[in-house]
Each structure stands twice: as C-alpha cells, then as structure tokens.
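Colleague: Dropping the sequence and predicted coords here.
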Amino acid sequence: TYPLYLLHQKIGTLWLNALSPEVGRWVALAIVLTALLSASFVISFFIEKPIRKPLISLLLPRLNMMASKLRLDRPA
C-alpha cells in the first residue's frame, strides 16, 4: 500500500538502524517489518478508506468540468 511505501524509507531505516545494535539485524528487521505493516494497515483502513468516497465525490465533478473545458478549448 501507499502508506507502507511512505513509512518504510525514512521510519523503517531509522528504526532498523536504531534497533539492530540492541537486538540483532534479523530480530530488528522482524520488529520493524511488523510495526510498519501494522501502521500501514491502520492508516489505510482508518484514514484512507473513510475519506476516499467523499474525496472522489468532491473532486470528480470538478475534474469532469475541467476536462470538458479542455475539450472545448482545443482547436478542431
């Protein structure tokens, strides 16, 4: 998911580097992977899904209007 993509690079690397000296590389990887997958699920389920339909219904009419205006402004 997109939240996992956003979280893994900065937070995942930071946590992995912080935890590795304490618990070892493989245990740190398991902890970080579990945390990032859980966080991305929570973000996706509780934030992205609830706002998806209202956001689409808000933006779609405007996008359609802009697209029709572009088609009308284009020379034949």
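Modeller: Structure's in. What do you need?
Colleague: how would you label I43: helix, strand or coil?
Modeller: Following DSSP: H, G, I helix; E, B strand; the rest coil, the label given to I43 is helix.
Colleague: Hmm, it is touching I11, no?
Modeller: No. Applying C-beta atoms under 8 Å, one finds I43 not in contact with I11, separated by 11.9 Å. Heads up, the C-betas are built off the backbone N, CA and C, glycines and all.
Colleague: ok, these two, which is more surrounded?
Modeller: Between I43 and I11, I43 has the larger neighbour count (other C-beta atoms under 10 Å), namely 17 against 14.
Colleague: And for that one, nearest residue in space, chain neighbours not counted?
Modeller: P3 (4.0 Å; C-beta to C-beta, 6 or more residues apart in numbering).
Colleague: go on, L7?
Modeller: L36 (5.2 Å).
Colleague: What residues does that neighbour make contact with?
Modeller: 4, 7-8, 11-12 (C-beta atoms under 8 Å, 6 or more residues apart in numbering).
Colleague: how does it look with 6 Å?
Modeller: Each residue near L36 by C-beta atoms under 6 Å, 6 or more residues apart in numbering is listed here: 7-8, 12.
Colleague: Who wins on neighbours among the residues you listed?
Modeller: Busiest of those [other C-beta under 10 Å] is L7, holding 19 neighbours.
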